[in-house]
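whatever this is, show me its structure:
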Amino acid sequence: MKFLDEAKIYLKAGDGGPGCVSFRREKYVEFGGPDGGDGGKGGNVYFEAVDNLNTLIDFRYKQHFKAESGKNGAGKNRTGHNGKDILIKVPVGTVVLSEDKKQVFKDFKKKELFLAVEGGIGGKGNYKFKSSTNQAPRRFQQGIKGQEMWVWLRLKLIADLGFVGIPNAGKSTLLSLLSNAKPKIADYPFTTIKPQLGILRLNYGDIVLADLPGLIKGASKGTGLGLKFLAHIERCKAIIHVCDLSVKSDYNFIENYKMIRKEIVDYGKDVFKKEEIILLSKCDLVTEKVIQKRINLLKKFTRSKIDFISSHKNIGLEKLKNDLQRFFK
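Residues are numbered from 1 along each chain as shown. A predicted model of the protein is given here:
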């Protein structure tokens, strides 16, 4: 299934039905009078967060959602039928934003139901306008228009652990070895262009892992697709920072680490306060001396736990799995 984490859609609640102008005319009934019924209420538009969805791809093919309008009132004081509601299902983790993205209408952190736009009230029939001074009113009301608006849907993945790092740091390969995910892996430099989810199955239960696309300088300011990718980290319990040991110089190695941390700090929203686990990847490509030297360099900038692994040689993966068990819910 294709992954889509942002979509813009149009919502239109049903209009209220108009009231009716009618007079009772029956044989042997001496006093008839007005008997026009009210219009029906327009249908509402609801969002429901469900567990069995993990993408917004359906909204690429359908962007307009309109609820049914209320029916007209009728004679004999009959109220028109209410319009049918619409229920839009979205993944847990979806945020509903205003068209300008400045206002958050709803943040689905669990399975919930949310009323997005409300249908209009039906208009009154002429029976409601009868009075002692107006025995035969011909007045009625049109129904009230239903609410309508454009909204943005933004999906923030619900994952226990999120992998971050520069492009080609080895995140996708690691995810494929720890979980059932099948991300794109190749022997040439490229970056994942959409988040990948995988499930790490342990003795005590499952842990959801997310491989977030490689970050670049300026991601927190919107460079590339950085803002969208950083948003997915907000839900994670901890961050696994994958650092590539195969880079040529110690300077580049440290700068890569500092750049990613800066983007996370600049993004804000307390993401930088999350626990960080540093994994030095591709340890089979360098000597033990280089590994130890770079661990010592990192300790000058962080107090996070540091381990080294090799996805290719299967070094450190079992230890990593054991360490991650504490994140099981």
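
for the rest of this, base every contact and every neighbour count on C-alpha atoms.
Fine.

now do the buried residues in the helix ranked longest in the chain.
When the chain is parsed with DSSP state H, its longest helix is helix 250-267. Using 16 or more other C-alpha atoms under 10 Å as the test for burial, helix 250-267 gives Phe253, Asn256, Tyr257, Met259, Ile260, Arg261, Lys262, Glu263, Ile264, Asp266, Tyr267.

kindly report the same for stretch 123-139.
Buried residues in stretch 123-139 (16+ other C-alpha under 10 Å): Gly123, Lys124, Gly125, Asn126, Tyr127, Lys128, Phe129, Lys130, Ala136, Pro137, Arg138, Arg139.

okay, now the closest residue to Pro91 other than its chain neighbours: neighbour count?
Nearest in space to Pro91, with sequence neighbours left out and distances taken as C-alpha to C-alpha, 6 or more residues apart in numbering, is Leu53 at 4.8 Å. Using other C-alpha atoms under 10 Å, Leu53 has 12 other residues around it.

got a list of contacts for the helix or strand where Cys243 lies?
Per DSSP states H and E, Cys243 falls inside strand 238-244. Residues outside strand 238-244 that contact it (C-alpha atoms under 8 Å, 6 or more residues apart in numbering) are 160-166, 169-171, 233, 253, 256-257, 274-282.

what angle do that strand and helix 250-267 make?
Per axes from the mean of the first three to the mean of the last three C-alpha atoms, to 10 degrees, the angle that strand 238-244 makes with helix 250-267 is 150 degrees.

parallel or antiparallel, list what pairs with strand 238-244.
strand 161-164 (parallel), strand 275-281 (parallel) (DSSP bridges).

closest one to Arg294 among those strands?
strand 275-281 (9.2 Å; C-alpha to C-alpha).

mind listing what's buried in that closest one?
Buried residues in strand 275-281 (16+ other C-alpha under 10 Å): Glu276, Ile277, Ile278, Leu279, Leu280, Ser281.

JSON lines for the residues you listed, including pLDDT?
JSON lines is the format used below for the buried residues of strand 275-281 (pLDDT from 0 to 100):
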{"residue": "Glu276", "pLDDT": "95"}
{"residue": "Ile277", "pLDDT": "95"}
{"residue": "Ile278", "pLDDT": "96"}
{"residue": "Leu279", "pLDDT": "96"}
{"residue": "Leu280", "pLDDT": "97"}
{"residue": "Ser281", "pLDDT": "95"}
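
list just the nearest of those to Lys313.
Ser281 (10.8 Å).

what bridges to the closest one?
Note on Ser281: beta-bridge partners by DSSP bridges are Asp244.

over to Val95?
Asp107, Arg154.

what are the buried residues along stretch 321-329?
Applying 16+ other C-alpha under 10 Å to stretch 321-329 flags Leu324, Gln325 as buried.

what does it contact?
By C-alpha under 8 Å, 6+ apart, stretch 321-329 touches Asp160, Leu178, Leu202, Tyr204, Gly205, Asp206, Ile207, Lys237.

if we can go back for a sec, pick out the most distant pair among the buried residues of stretch 123-139.
Across the buried residues of stretch 123-139, no pair lies farther apart than Gly123 and Ala136, at 18.0 Å, counting by C-alpha to C-alpha.

quick one: list the elements packing against the longest helix of the chain.
In terms of contacts (3 or more C-alpha pairs under 8 Å, 6 or more residues apart in numbering; DSSP states H and E), helix 250-267 is packed against helix 226-231, strand 238-244, helix 288-298.

would you reformat those as a markdown table and include mean pLDDT, distance to Leu87 and mean neighbour count?
Listed next are the helices and strands packed on helix 250-267 as a markdown table, based on pLDDT from 0 to 100; distance: least, C-alpha to C-alpha, whole Å; neighbours: other C-alpha atoms under 10 Å:
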| stretch | mean pLDDT | distance to Leu87 | mean neighbour count |
| --- | --- | --- | --- |
| helix 226-231 | 61 | 26 | 20 |
| strand 238-244 | 94 | 34 | 23 |
| helix 288-298 | 96 | 51 | 14 |
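
adding distance to Pro34, write these out as JSON lines.
Shown next, in JSON lines, are these (distance: least, C-alpha to C-alpha, whole Å):
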{"stretch": "helix 226-231", "distance to Pro34": "60"}
{"stretch": "strand 238-244", "distance to Pro34": "68"}
{"stretch": "helix 288-298", "distance to Pro34": "85"}
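
relative to Asn77, which of those is closest?
helix 226-231 (54.1 Å).

now the strands for the stretch 1-150 of the chain?
6-12, 45-50, 64-66, 86-91, 94-98, 104-107, 113-117, 148-155 (DSSP state E, counting those that start in this stretch).

and Leu153, which of the helices and strands packed on helix 250-267 is closest to it?
Closest approach to Leu153 among these (C-alpha to C-alpha): helix 226-231, 12.1 Å.

so Gly146 touches Lys41, yeah?
No. With contacts counted by C-alpha atoms under 8 Å, Gly146 stays clear of Lys41, the gap being 9.1 Å.

name the residues contacting each of those two.
Contact with both Gly146 and Lys41 is made by residues Gly14, Asp15, Gly16, Gly119, Gly120, Ile121, according to C-alpha under 8 Å, 6+ apart.
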